[in-house]
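A.B. asks: let me see the structure of the following:
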Amino acid sequence: MPEFGEQIPIGGGRLEFIRDPQRGISTRISGTGETFRAIYQLAVRQDGEILGAVPVGGLRTAPPPPPPLTVFIQSDLQGMWGRRCPSCGSYFRTDHILGPTYCPYCSVVNDDMTFVTDAQKRYAKAFVDAALTAFHGTENVSIDLTNVTDATLEWQYSEEQQQFHFKCVDQSCYAETDILGEYGWCPRCGRSNARRVIETRLKANEEKLERTDREVTDRHLRGAEWELINNVAFSTFEPLGNHLRTRLMLFPATAKRRNDLANLSFQRIVSSVDALERWFDIDVLGDMEESERRFVNLMMQRRHIVTHNAGRVDQDYLDRSGDSSCRLNQRIRIRSAEAKRLLPLVRKMCANLLSGFEAIT
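C.D. replies: Predicted coordinates for the structure are as follows:
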């Protein structure tokens, strides 16, 4: 895949607008697999307004002035189209273009045509203008898209590589999507990719723990790794909660409840899991013994003190953690046994959060 931000051109090929005064304008696109991957069709008025998608079928348009004309919109060279969410304004790429579309960022579903980008609209208008030129003129119009120049930019648009590519896990879907970040909602079926993302993150942290325990012998280096692993464990839970919140925010709620949910911090695990249980019956700490819950809170407070106070104990840590093994101003150290105990508990918390969420959506 290209690097993030790189431009991915649409296909080339040749567009032809063939005159027939009695039957209207025939449009034809030709090329090879090296020049384009896929197309879909839009019904577009002569002024450039997009009326909707056209099912695959006959391609001849009625003669002007009756609406509409059929316009081919090519994919980029990876077989995807850029989309821009009409609700949150975010850009993504996907091979799903027909039918109701979910934004992979905000999860709001809208009509497929509302996601057409400005560049594609400009291209569609140029397409219509060329068809009208052929109809009102005396000759056919032929355009080689591989030879467009800066003087004919209306015929050239490109899509932009995003950071993360995923395929829907639903066996009846398998839409492919390219987004910023990792967590996203499938544009076709609306299903989250969270289970796959969280498993990758958790497994990587568990493998790092095993590798460090096996290969690193220096006491100080091991201690630094345990602190990092502890930090990453909780950093795994937080973005998962933030991702699932986007769908929960779409549920009917009072203004106060909606505001409380929007401001819920998944860094503060104790308060956030309590709120999720009260508001949505999602028991993040389900099947965990009281000693395990206290241990999770202890390690979360240690993560906070390591991150924000260089590991030096302050009164807030003593009050929140219940840790009686250390004193004020002491430097906290995380042990390998603590890191090994924590990771399975974080895995269970993530699984409980996902299962509870999926039970109500």
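
A.B. asks: which one is Ile282 nearest to, not counting chain neighbours?
C.D. replies: Counting by C-beta to C-beta, 6 or more residues apart in numbering, Gly356 is the residue found nearest to Ile282 once chain neighbours are left out, at 3.2 Å. Where you see a C-beta, it was placed from the backbone N, CA and C, and this is true even at glycine.

A.B. asks: so for the helix or strand harbouring the one you found, what's the average pLDDT?
C.D. replies: Taking DSSP states H and E as the definition, one finds Gly356 inside helix 336-360. For helix 336-360, mean pLDDT is 96.

A.B. asks: with stretch 70-85 instead?
C.D. replies: Stretch 70-85 comes out at a mean pLDDT of 85.

A.B. asks: endpoints of that stretch, how far apart?
C.D. replies: Length of stretch 70-85, first residue to last, C-alpha to C-alpha, to the nearest Å: 24 Å.

A.B. asks: likewise for stretch 39-51?
C.D. replies: Stretch 39-51 stretches 17 Å from its first residue to its last (C-alpha to C-alpha).

A.B. asks: please apply the same query to stretch 248-268.
C.D. replies: Using C-alpha to C-alpha, the two ends of stretch 248-268 sit 18 Å apart.

A.B. asks: now that stretch, how far from the chain's geometric center?
C.D. replies: Stretch 248-268 sits 21 Å away from the centroid of its parent chain (C-alpha atoms, centre = their mean, to the nearest Å).

A.B. asks: what ranges do the strands span in this protein?
C.D. replies: Here the chain has its strands, by DSSP state E, at 7-9, 14-20, 24-30, 39-44, 50-54, 69-74, 81-84, 91-94, 101-102, 109-110, 141-144, 158-160, 164-167, 176-179.

A.B. asks: relative to strand 69-74, how tilted is the fourth one?
C.D. replies: Read it as strand 39-44. Here strand 39-44 runs at an angle of 150 degrees relative to strand 69-74 (axes from the mean of the first three to the mean of the last three C-alpha atoms, to 10 degrees).

A.B. asks: quick revisit: which of the strands of the chain sits closest to Val346?
C.D. replies: With C-beta to C-beta as the measure, strand 164-167 is the member of those nearest Val346 (21.8 Å).

A.B. asks: list the contacts of the closest one.
C.D. replies: Contact with strand 164-167 is made by 1, 174-182, 184, 193, 196-197, as judged by C-beta atoms under 8 Å, 6 or more residues apart in numbering.

A.B. asks: cool, stretch 332-341 as well?
C.D. replies: Contacts of stretch 332-341 (C-beta under 8 Å, 6+ apart): 209, 213, 222-223, 226-227, 229-230, 233, 295, 299, 302, 305-306, 311-313, 317, 326.

A.B. asks: quick one: closest of the strands of the chain to Lys256.
C.D. replies: strand 109-110 (25.8 Å).

A.B. asks: list the helices and strands that closest one packs on?
C.D. replies: strand 101-102 (3 or more C-beta pairs under 8 Å, 6 or more residues apart in numbering; DSSP states H and E).

A.B. asks: relative to the strand it packs on, what are the paired strands and their orientations?
C.D. replies: Taking DSSP bridges as the criterion, strand 101-102 forms sheet pairs with strand 109-110 (antiparallel).

A.B. asks: quick revisit: most packed of the strands of the chain?
C.D. replies: For the strands of the chain, the largest average neighbour count (mean count of other C-beta atoms under 10 Å) is found in strand 101-102, namely a mean of 25.

A.B. asks: follow-up on the earlier one: so who does the residue nearest to Ile282 touch?
C.D. replies: Leu276, Phe280, Asp281, Ile282, Asp283, Val284, Gly286.

A.B. asks: cool, Leu221 as well?
C.D. replies: Listed by C-beta under 8 Å, 6+ apart, the contact set of Leu221 is empty.

A.B. asks: where's Glu238 relative to Ile198, distance?
C.D. replies: Glu238 is 12 Å from Ile198, where distance means C-beta to C-beta, to the nearest Å.

A.B. asks: more neighbours, the two?
C.D. replies: The neighbour comparison of Glu238 against Ile198 (other C-beta atoms under 10 Å) goes to Ile198, with 24 against 15.

A.B. asks: quick check: the more buried one touching Cys350?
C.D. replies: Yes. The pair Ile198 / Cys350 is scored as a contact, 5.2 Å apart, by C-beta atoms under 8 Å.

A.B. asks: dump the contacts of Gly356 to CSV, plus distance to Arg247 and pLDDT.
C.D. replies: Output for the contacts of Gly356, formatted as CSV (distance: C-beta to C-beta, whole Å; pLDDT from 0 to 100):
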residue, distance to Arg247, pLDDT
Leu276, 13, 97
Phe280, 11, 96
Asp281, 15, 96
Ile282, 12, 97
Asp283, 18, 96
Val284, 16, 97
Gly286, 20, 92
